[in-house]
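Peer 1: following is a predicted model, sequence given first.
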Amino acid sequence: MIVGEVLGLLAVGAFAGVVSTVVSLASIVSYPALLAFGLPPLTANVTNTVALLFTGLGAAFGSRPELAGQGPRVLRLGWLTMLGGATGAFLLLVTPSETFEQIAPWLIGLASLLLIRPPRGELNSEHGPLMRCALFAVAIYVGYFGAAGGILMLAVLSSMLEGTPAKLNALKNVLSGMANAVAATGFAVFGPVDWGAAVPLALGFLLGGWFGPKIARRLPGQSLRYLAAACGLAVAVKLGYDAYTS
């Protein structure tokens with residue numbers, strides 16, 4: 001890749017990393033950018049997933065204040081999201097994506113509406129089977145399709161757990177990152193990754209993922225939830241239009 005393309009992908013990754021950690025929409029920025037740089041859709045998808053691994057790493061480092069004391073919870077729930085991410089990656093490599101592309105707008109729209117409401121404990125507790133099934137299903141989505149997967153994850157966590165929006169957002173970033181890490185590993189071994197694009201994009205993701213939590217923790221009150229919900233609804237409308245009019 002030429003120097004201009006490398007710098008362009010680095011900038012795209014940095015911006016998408018911030019967007020990922022604040023409103024959970026990195027792929028909405030980075031995936032179209034990879035297509036614009038000439039990558040085929042499947043190659044762009046798996047390359048984006050591999051690079052996204054570094055958003056999780058940056059977010060974990062930048063969210064240390066919010067993650068303090070949440071280590072046991074991450075360990076309890078992380079294995080489940082990793083298993084879901086692996087399942088989603090496998091499905092992506094062996095099945096067509098049309099079904100998920102048609103379901104995704106409805107999932108994202110519903111999750112965005114759930115974010116608007118205050119937490120009511122619908123899923124009871126992190127130890128309940130309903131919560132674990134919901135997390136597993138979201139992790140499959142993250143590994144398979146990914147677009148706005150963080151909003152789905154945040155909606156599940158917000159419906160079940162107590163905590164400030166910044167703390168729940170930090171937990172979402174880590175759990176989504178763990179699901180993405182397993183999917184990225186599978187794609188790195190078996191998928192058509194464009195490493196020339198993945199490396200500068202990943203470096204940008206790392207920087208943006210580290211900086212994003214600094215913005216998230218400064219947003220007042222419940223504005224982080226409302227911002228994510230508004231962005232999610234916009235994405236749901238756009239993906240629905242693309243899925244049902246093409």
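Peer 2: Received it, and whenever you're ready, just let me know what you need.

Peer 1: all contacts plus neighbour counts: C-alpha atoms, from now on.
Peer 2: OK.

Peer 1: low-confidence bits of the chain, can you list those?
Peer 2: Scanning the chain for pLDDT under 70 picks out 1, 96-101, 115, 117-127, 147, 221-222, 246.

Peer 1: helices of that one, start to end?
Peer 2: 3-23, 26-36, 41-62, 64-67, 71-94, 98-116, 129-144, 149-160, 165-190, 195-216, 223-245 (DSSP state H).

Peer 1: now the ones you listed in CSV, with mean neighbour count?
Peer 2: CSV is the format used below for those (neighbours: other CA atoms under 10 Å):
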stretch, mean neighbour count
helix 3-23, 23
helix 26-36, 20
helix 41-62, 25
helix 64-67, 17
helix 71-94, 19
helix 98-116, 19
helix 129-144, 23
helix 149-160, 27
helix 165-190, 24
helix 195-216, 24
helix 223-245, 18
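
Peer 1: middle-most residue in the chain, spatially?
Peer 2: residue 150 (3.8 Å; CA atoms, centre = their mean).

Peer 1: mind checking how far residue 80 is from residue 155?
Peer 2: Distance, residue 80 to residue 155, by CA to CA, to the nearest Å: 17 Å.

Peer 1: apologies, that question was intended for residue 9.
Peer 2: Distance from residue 9 to residue 155, counting by CA to CA: 30 Å.

Peer 1: one more: residue 5?
Peer 2: In terms of CA to CA, residue 5 sits 36 Å off from residue 155.

Peer 1: equivalent analysis for residue 64, please.
Peer 2: Distance, residue 64 to residue 155, by CA to CA: 22 Å.

Peer 1: quick check: closest non-adjacent residue to residue 186.
Peer 2: Spatial nearest neighbour of residue 186, excluding adjacent residues (CA to CA, 6 or more residues apart in numbering): residue 89 at 6.8 Å.
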